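Peer 1: Sequence first, predicted coordinates after that:
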Amino acid sequence: MRVWLKRGADAVGVGLFAALFLTFIVQITARFVFDRPLPWTDELAVILYVWVILWAAAFMVPAKDHVVFDLLYNTMGPRTRRGMLLVGAVLIGSLAAYAIPGSWDYVRFMAREGTPVLGVPFMWVFVPFVLLLLALVVRSVREVAALFRRRTGASE
Amino acid sequence: MTAALWALLAVLAGGMLLRAPIAFSMLAAGIAYLAVKGQDMGLAAEQILNGLYNSYVLLAVPLFVLAANVMNAGTISERIFDFCRILVGRLPGGLAQVDILVSVVFSGMSGSAIADAAGPGLVTIKQMLKKPEYSPGFAGAVVVASATIGPIIPPSIPMVIYALVSGASVGALFLGGVVPGLLMALVLMIATHIIAVRRKMPRDDRVPLSDYPQILWRGALPLSLPIVLLTGIYTGVFTPTEAAGVAALHALLLAGVVYRALSWRTLYSVFLDSTRSSAVITMIIAGAFMMNYAFTSEGVPQALALWVDSKDLSQLQFLLLVNAVFLVLGCFLDVSVMLLVFVPMLLPAAKLLGIDLVHFGVVVVVNMMIGLITPPFGMLLFVTNALTGISIRDMMREGWGFLVALMLLLLAMVLFPQLVLWLPQSMGYGLK
């Protein structure tokens, strides 16, 4: 089940990225080959871009791919390391959770305004940001749970 | 300093030291800042979302990432390698010289140093390790040093980001990188030559003359891209963002249609990797939007500008100071953090002193590329170590000569702004 969810999330992200790339090809072709610039390609590209980045950050990027500063971490023993990861996860998760209501209000508020050409309500452009915050909370909870499991596992 | 700013710095430093992802540490720090200041949380969403939505030039980042990944998956790196081999392979330490030249060619198509090390760099390291005269440390050192050319010769992802924060012209920045990038290659080739002659490193095997036409033809195809890109950007035919799209399309057509080196499965994983790395880079940028919002509303850049003003620094003193500080910071911080958080703080001071923003940008980017190869935190060292298993210590022991050469060049760029500005100015930049 989890593997399928993961693959599904990956496929959505790849699809969005491919659509972004295709939009550019269409734009370039329209402009240079047919000499008729299209009004909507720039806008669609930016909308897809916001989605690709936030979607991928929320559901696709494995923890090990993120840029981290591990000089201090690497000098510590296993117990301290676990503690560090624990505090870090709680810090990020709780602040992300704290920002969800306000962010959701902002995103919902933007429903009244549409993008200039396509008229897509900004709510639908911006909603993946809330998904990202939710994903950060879920991730932090799961990481904390995993760290606790590992501790009990190690003591056995 | 206000309580809110303290909260921001505490969460930022805390998150980073605890090994939380830098991007999310910045995001969380921004949220903490707003919380302590009692501001609406919607501001975090607003800053980041509008920042992404309105930064059209940032779209170039995923497209350049895609182009580089396609080139690496589609054996384009190997073809450039063969091409450069017949040009400089017969020099002493031939393979090392080939690697540097490959970096120059690859730079003209890719805007990322990491892609250079992971693609063509890996190809040449494997070739060098087949010969006992090249120690693994030396092979790794040449590759990481030459990979720093990637974002200096256009196109360049860091310069696109710098253009975003500074408002300087991407075209002028790209042009400004051409001469410094070629000089970097020159100083590295000279350093390699000295080492190679002293250690009696071998010349590369002679390539049979009958193979020349095919190698030249295959290598010439990828070489056509930089020409198209540069002409396109400088004549204003396309924007840097569109140029990135053209680069990706060009790479896809070459790899998929001409060389037939891309299966559907590979293509899917190329897109998957590109999506992920674009998200990693862009989330750091998004986090930095929050940082910059906080720093700006606290008036940090202005305060810094006033401080610089009160010290009566000359342009040269300021640039030397900034470079010294950045070389030290570069040992510990990622390029994107320096570019997005520290550079915007310094821009008002630079403007106040009348420093040309294109000169400043190219100097700062070269400085940060040196930061990529200085331990303990150097992404190029990490990537090369992860791909080849060559230890970072060995690379450093063999690579200090290259490091010194690059730093001397950086100093020359600071002392003689014309090294950077001559080409953009001769193409019309800054003429009134």
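Peer 2: Sure thing, it's come through.

Peer 1: Which residue lies nearest the spatial centre of chain B?
Peer 2: The residue lying closest to the centre of chain B (CA atoms, centre = their mean) is B:P151, at 3.6 Å.

Peer 1: That one: what secondary structure?
Peer 2: Three-state assignment for B:P151 (DSSP: H, G, I helix; E, B strand; the rest coil): coil.

Peer 1: where's it relative to chain A, distance?
Peer 2: 16 Å (CB to the nearest CB, to the nearest Å). C-beta coordinates here come from the backbone N, C-alpha and C atoms, glycine included.

Peer 1: Which residues of the stretch 101-250 of chain B lie near chain A?
Peer 2: Selection of the stretch 101-250 of chain B residues close to chain A by CB under 8 Å from any CB of the partner chain yields B:237-238, B:242, B:245-246, B:248-249.

Peer 1: Which two among the residues you listed are spaced furthest apart?
Peer 2: Greatest spatial distance in these: B:V237 and B:A248, 17.1 Å, computed using CB to CB.

Peer 1: Which of the two has more residues huddled nearby?
Peer 2: The neighbour count for B:V237 versus B:A248, taken as other CB atoms under 10 Å in any protein chain shown, is higher for B:A248 (24 against 14).

Peer 1: Which strands and helices lie in contact with whichever strand or helix holds the more buried one?
Peer 2: Take DSSP states H and E as the rule and B:A248 turns out to sit in helix B:240-252. With contacts defined as 3 or more CB pairs under 8 Å, 6 or more residues apart in numbering or on different chains; DSSP states H and E, the packing partners of helix B:240-252 are helix A:2-28, helix B:60-73, helix B:170-198, helix B:212-234.

Peer 1: please redo it, this time with the cut-off set to 10 Å
Peer 2: For helix B:240-252, the helices and strands in contact under the criterion 3 or more CB pairs under 10 Å, 6 or more residues apart in numbering or on different chains; DSSP states H and E are helix A:2-28, helix A:41-59, helix B:60-73, helix B:157-166, helix B:170-198, helix B:212-234, helix B:264-297.

Peer 1: Could you export that helix as PDB, CA atoms only?
Peer 2: The C-alpha coordinates for helix B:240-252 follow below in PDB (Å, rounded to 0.1, in the frame of the first residue of the first chain):
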ATOM      1  CA  PRO B 240      17.200  32.900 -20.100                       C
ATOM      2  CA  THR B 241      14.200  30.800 -19.000                       C
ATOM      3  CA  GLU B 242      13.300  29.900 -22.600                       C
ATOM      4  CA  ALA B 243      17.000  29.300 -23.200                       C
ATOM      5  CA  ALA B 244      16.900  26.700 -20.400                       C
ATOM      6  CA  GLY B 245      13.900  25.100 -22.200                       C
ATOM      7  CA  VAL B 246      15.800  25.000 -25.500                       C
ATOM      8  CA  ALA B 247      18.800  23.500 -23.700                       C
ATOM      9  CA  ALA B 248      16.700  20.700 -22.300                       C
ATOM     10  CA  LEU B 249      15.000  20.000 -25.600                       C
ATOM     11  CA  HIS B 250      18.300  20.000 -27.400                       C
ATOM     12  CA  ALA B 251      19.800  17.500 -25.000                       C
ATOM     13  CA  LEU B 252      16.600  15.300 -25.200                       C
END
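
Peer 1: For chain A, which residue gets nearest to chain B?
Peer 2: Scanning chain A for the residue nearest chain B gives A:G102, at 2.4 Å (criterion: CB to the nearest CB).

Peer 1: And the pLDDT for that residue?
Peer 2: At A:G102, the pLDDT value in this model is 88.

Peer 1: Thank you kindly, that will do.
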